[in-house]
Each structure stands twice: as C-alpha cells, then as structure tokens.
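In: Got a sequence here, can you build the structure:
(one chain, ligands or ions: 1)
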Amino acid sequence: MQRAVLKLCCGISYPHVRSMAGLQRAALAAFGQEISVHLQRRPAWSPPRWTRHQQDEKTQPAEQRTTALADEDVFYLRRGQEALHEALEIVESKDGWKPEMAEKNGDVIYSKVLLGNRKVFRLEAELDASPEELHDILFVRVEEMHEWNPNIRRIRVLKHVGGNTMVTHEVSAETAGNLIGQRDFLSVRHWSKSESCVYLGGAATQFESLPPQPGFVRAEDGPTCIVLQPLQDHPDRTHFIWLLNMDVKGWLPQSLVNKALPRAQADFTKHLRLHLTAQKPENRR
Ligand SMILES: CC(C)CCC[C@@H](C)[C@H]1CC[C@H]2[C@@H]3CC=C4C[C@@H](O)CC[C@]4(C)[C@H]3CC[C@]12C
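Out: Presented below is the predicted three-dimensional model:
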C-alpha cells in the first residue's frame, strides 16, 4: 500500500524506470523509498540481501534510528542524498550533450558545459556484471579499489552513516591523469535503489579531522553519480552510466584538464572490466 502511494506520488511506472528518460522518476521513487525507510514505522522496502549492514538496521524501530542520528550524521546523509539528486538531474538533462570520444569496445563519452562553464562528462558502457555486483565493487568495497585500479593510490572510509552513506578520502596515484598530477578528494557517497536500478552519488565535502593536506592539491568531485541499470534481457549485465563532474583545482590550462578527464574515465572503465574478468570463477586458478 505504502509503496503504491509512493509510486503514485512520484508518478512512476515500471517501464519508465528502465528507460533513460525515466531516470529522474526512478530517482524520485528511490527517494520515496528512503523517506519510507527513515520515517515510516514499517519500511515499505526491504534492503537487498547483499547489504548485510542494513539488515541489522531493520531490527531497530525506524523512529529510534532517525533520532539516534547525530547532527553530523544527518548533515552527511542529506548532503549525500542532495548530491545524488543533483547529479541525476544533470545526467537526465536532454540538451547540450556532445559526443566526446567513442572507444572501439562500444563505450561512449559525452560532454556538456554547465552554467558557470564547468565541463562534465557522461560515460556509457555495458558491463558484464549485475548492478548488485557492481554496487559491491564500487561502493561496499571501495577501499579495495586501488588493488585493481593503478590510478588510485588509496581510498579510506572515514565514516559510515547507516548502510547507504559514507565519507571517504581518495588519493589518486602520482601517474593518474599524467599531466594533472596527484590529487586528494574528500567526499560524501550515498546510494539508493529503485526497482532493479542502483544509484551511486557523491560530492565533495569537509571532514574535521582531515583538512586539506600540505603538499596535496585537494580536488572537488561532484555532484557525481553512477547509474547501474540491468539490461532488459540480461539481468546479469549492466548498462553503466557515469557522470564525471570534477574541479581538479590547481593552475592548469582548461584544455589540458578537459582532455585528461575523459581519458581518466575511459581508463577507469578499462580497469573495472579487467577486474570483472579476473573475478569470474572460471578465470580463477
Ligand atoms: C585526472 C586526475 C586528476 C584524476 C584521476 C583519478 C580519478 C579517475 C579517480 C580518483 C578518485 C576516484 C574515485 C574514487 C571513488 C569513487 C567512488 C565509487 O563509488 C565510484 C568511483 C569513484 C567515483 C572513483 C572514480 C575515479 C576517481 C575519480
């Protein structure tokens, strides 16, 4: 019932969720679900089985959970939700996208210049893994990312807020982006799920115990998002949409930055694919 009301409120229907044009609606539905998880007595949506940490939350009444959140936690939760919402609005926008590069394997990167002159990049690819598997690799196991991506030096989770939100510190490798040089990022990351799609969002934030480090240029990521949508006839494959929206900071010619960013995005996807192949049971020895 609750779910039906939420769906009505958000004005969505399942077929729309599967189409690109329906992303915004699906996102709205996802927010509806989150509202129900946080504010309703009985959550209308039970979290997927792979989010073990969330299962614990379910045993606690929802009221206690919301009141138990400290001001700081509420701040990061809201900021994460906002970041995801804002990023989805950008990927969803129809106009202004221009093809930036097309890889031989079918991956395409589009770019768009936002108000204020920021150039953002949208990569679209098809990956051989389910949205749940990718969510696990890209969010739950984010600290392991440097093991399969040489452009990342390390990622640390500084704080968890419930099962859907965290504050992370990312350090790129000295060689990542070549001419751009090493950067560090302090971000809030948040995910939500609607029907069979998983949405990962993030944005730059601050964290008291980790201010910008001497000798490091702190770049700003986001609002950014990744949309993981199962292919209609192959639910174990995913249509991957990634919005890269980054201010690399420092004094660099914009033309150089605008070349390095889509390259970094294509590289990231290449390493993600290699990791997926290496992970498959039939490829393990
Ligand atoms: C061009 C130079 C400056 C940067 C190169 C390194 C880039 C590609 C690296 C550094 C930190 C990385 C991010 C670190 C954490 C996450 C969260 C995860 O859920 C999705 C991927 C994402 C968003 C990574 C994308 C790639 C990333 C932005």
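
In: Give the closest residue to the spatially most central residue of the chain in space, chain neighbours not counted.
Out: Averaging the C-alpha coordinates of the chain gives a centre point, and the residue nearest to it by C-alpha atoms, centre = their mean is Leu200 (2.8 Å). Leaving out its chain neighbours, the residue that sits closest to Leu200 by C-beta to C-beta, 6 or more residues apart in numbering is Ile226, at 4.3 Å. C-betas here are computed from N, CA, C, even on glycine.

In: tell me which element that neighbour is part of?
Out: When secondary structure is defined by DSSP states H and E, Ile226 falls within strand 224-231.

In: and that strand, what's its mean pLDDT?
Out: Rounded to a whole number, the mean pLDDT of strand 224-231 is 98.

In: Now tell me what touches that strand from outside.
Out: Identification of contacts with strand 224-231 by C-beta atoms under 8 Å, 6 or more residues apart in numbering yields 18, 23, 83-84, 87-88, 91, 126, 130-131, 134-135, 138, 196-203, 236-246.

In: Hmm, Trp242 is touching Leu123, no?
Out: Yes: the criterion here is C-beta atoms under 8 Å, and Trp242 meets it with Leu123 at 4.6 Å.

In: list the contacts for Leu134?
Out: Leu127, Val198, Leu228, Thr238, Phe240.

In: my read is the fourth one is in a helix, agree?
Out: So the one you mean is Thr238. No: under DSSP: H, G, I helix; E, B strand; the rest coil, Thr238 sits outside any helix and is assigned strand.

In: Spatially nearest residue to Val120 (excluding sequence neighbours)?
Out: For Val120, the nearest residue in space outside its immediate sequence neighbours is Asn245; the separation is 4.4 Å by C-beta to C-beta, 6+ apart.

In: What is the neighbour count of that neighbour?
Out: Burial of Asn245 is recorded as 25 neighbouring residues (other C-beta atoms under 10 Å).

In: Repeat that for the one 3 residues further on.
Out: A total of 21 residues lie near Val248 under the criterion other C-beta under 10 Å.

In: do the helix or strand where Ile109 lies and the ligand meet?
Out: Following DSSP H and E, one finds Ile109 within strand 108-113. No: applying C-beta under 6 Å from any ligand atom, one finds that strand 108-113 is not in contact with the ligand, the shortest distance being 12.8 Å.

In: do stretch 120-135 as well
Out: No: Stretch 120-135 is not in contact with the ligand by C-beta under 6 Å from any ligand atom; minimum separation 8.6 Å.

In: Dump that stretch to PDB, restricted to CA.
Out: In PDB, the C-alpha atoms belonging to stretch 120-135 read as follows (Å, rounded to 0.1, in the frame of the first residue of the first chain):
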ATOM      1  CA  VAL A 120      31.100  17.400 -17.300                       C
ATOM      2  CA  PHE A 121      31.500  14.000 -18.900                       C
ATOM      3  CA  ARG A 122      29.000  11.200 -19.200                       C
ATOM      4  CA  LEU A 123      30.300   7.700 -19.900                       C
ATOM      5  CA  GLU A 124      28.000   5.000 -21.100                       C
ATOM      6  CA  ALA A 125      29.100   1.400 -21.200                       C
ATOM      7  CA  GLU A 126      27.800  -2.100 -21.000                       C
ATOM      8  CA  LEU A 127      29.400  -4.300 -18.300                       C
ATOM      9  CA  ASP A 128      29.400  -8.000 -17.700                       C
ATOM     10  CA  ALA A 129      28.200  -8.000 -14.100                       C
ATOM     11  CA  SER A 130      24.900  -7.300 -12.400                       C
ATOM     12  CA  PRO A 131      24.100  -4.000 -10.800                       C
ATOM     13  CA  GLU A 132      24.400  -5.700  -7.400                       C
ATOM     14  CA  GLU A 133      27.900  -7.000  -8.100                       C
ATOM     15  CA  LEU A 134      29.000  -3.500  -9.400                       C
ATOM     16  CA  HIS A 135      27.400  -1.800  -6.300                       C
END
